[in-house]
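1. From the sequence below, what's the structure:
(2 chains)
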Amino acid sequence: DTAVSQTPKYLVTQMGNDKSIKCEQNLGHDTMYWYKQDSKKFLKIMFSYNNKELIINETVPNRFSPKSPDKAHLNLHINSLELGDSAVYFCASSQAPRELSAEAFFGQGTRLTVV
Amino acid sequence: GQQLNQSPQSMFIQEGEDVSMNCTSSSIFNTWLWYKQDPGEGPVLLIALYKAGELTSNGRLTAQFGITRKDSFLNISASIPSDVGIYFCAGQLASGTYKYIFGTGTRLKVLA
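-> Below you'll find the predicted structure:
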């Protein structure tokens, strides 16, 4: 069974469109994250939710809006997509951010291409 | 902002050789994690380190939490072709923000 699953795996869309990426984890973790990996493979955290509460919000354009309907799901909605949004977006989860067992488990990634 | 410098950036090695890579920073960390990413996949956790000076092994992998809490090292012994991939360190800052900062990655290619 997949621990952290995100859909879709690939997303190609035109500039200006609005799109969503979904993420679900079946590990019973309290915390979920969104990371962005650029073309140079650099990974940077975007958001983190703990029990549906936003706890980390990096300097991300407000066109990006995370939504956590419950602690097993964290979706990412992106408005007015721009060319620079093209990247691989990873969802991850961990038991709790404040505990020593904060190892994150990652999904397979969503490769977003804006044309 | 805080940065994690990871080196080397990439390396080609012969099968059977040992590999070393490291992460350094000017910031102090509470936790160090080492991940491996295969093409088209998400990072997979290899080793987690929680105490300064800690040395932990996972099969042919050994990682150490630097005594100054500003660096960490990963060694792979007797490399095999499936070790190819990108290795990332990630550190959790001691300053209380709880977030992990990832290193820039080491791309490993193993020649059979």
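2. Starting from the worst-scoring helix or strand of chain B on mean pLDDT, tell me the next helix or strand along the chain.
-> Counting by mean pLDDT, DSSP states H and E, chain B has its least confident helix or strand at strand B:100-102, which shows a mean of 86. Sequence-wise, the next helix or strand downstream of strand B:100-102 (DSSP states H and E) is strand B:106-111.
3. Can you list the residue ranges for helices in chain A?
-> Per DSSP state H, chain A carries no helices over any range.
4. about what we covered before: so what are the sheet partners of the least confident helix or strand of chain B and their directions?
-> If you go by DSSP bridges, strand B:100-102 pairs up with strand B:85-93 (antiparallel).
5. what's the strand it pairs with in contact with?
-> Residues outside strand B:85-93 that contact it (CB atoms under 8 Å, 6 or more residues apart in numbering or on different chains): A:41, A:43, A:102, B:2, B:4, B:6, B:21-23, B:25, B:27-39, B:43, B:46, B:72, B:74, B:98-103, B:105-108. Quick note: C-beta positions are derived from backbone N, CA and C, even for glycine.
6. of those residues, buried ones?
-> A:43, A:102, B:4, B:6, B:21-23, B:25, B:29-37, B:43, B:46, B:72, B:74, B:98-103, B:105-106, B:108 (16 or more other CB atoms under 10 Å in any protein chain shown).
7. Can you tell me which of the residues you listed end up in strands?
-> Members of the buried ones among the contacts of strand B:85-93 lying in strands (criterion: DSSP state E): A:43, B:6, B:21-23, B:29-37, B:46, B:72, B:74, B:100-102, B:106, B:108.
8. Pull out the buried positions in stretch B:7-27.
-> Of the residues in stretch B:7-27, B:11, B:13, B:19, B:21, B:22, B:23, B:24, B:25 count as buried by neighbour count, 16+ other CB under 10 Å.
9. Looking at the residues you listed, which is nearest residue A:20?
-> Lowest distance from residue A:20 to these (CB to CB) belongs to residue B:23, with 34.0 Å.
10. got a list of what the residue of chain B found nearest chain A touches?
-> Per CB to the nearest CB, residue B:42 is where chain B lies closest to chain A, at 3.3 Å. Residue B:42 sits next to A:4, A:90, A:92, A:106, A:107, A:108, A:109 when contact means CB under 8 Å, 6+ apart.
11. Not including adjacent chain positions, what is the nearest residue to it?
-> Of all residues not flanking residue B:42 in the chain, residue A:106 sits nearest, at 3.3 Å (CB to CB, 6 or more residues apart in numbering or on different chains).
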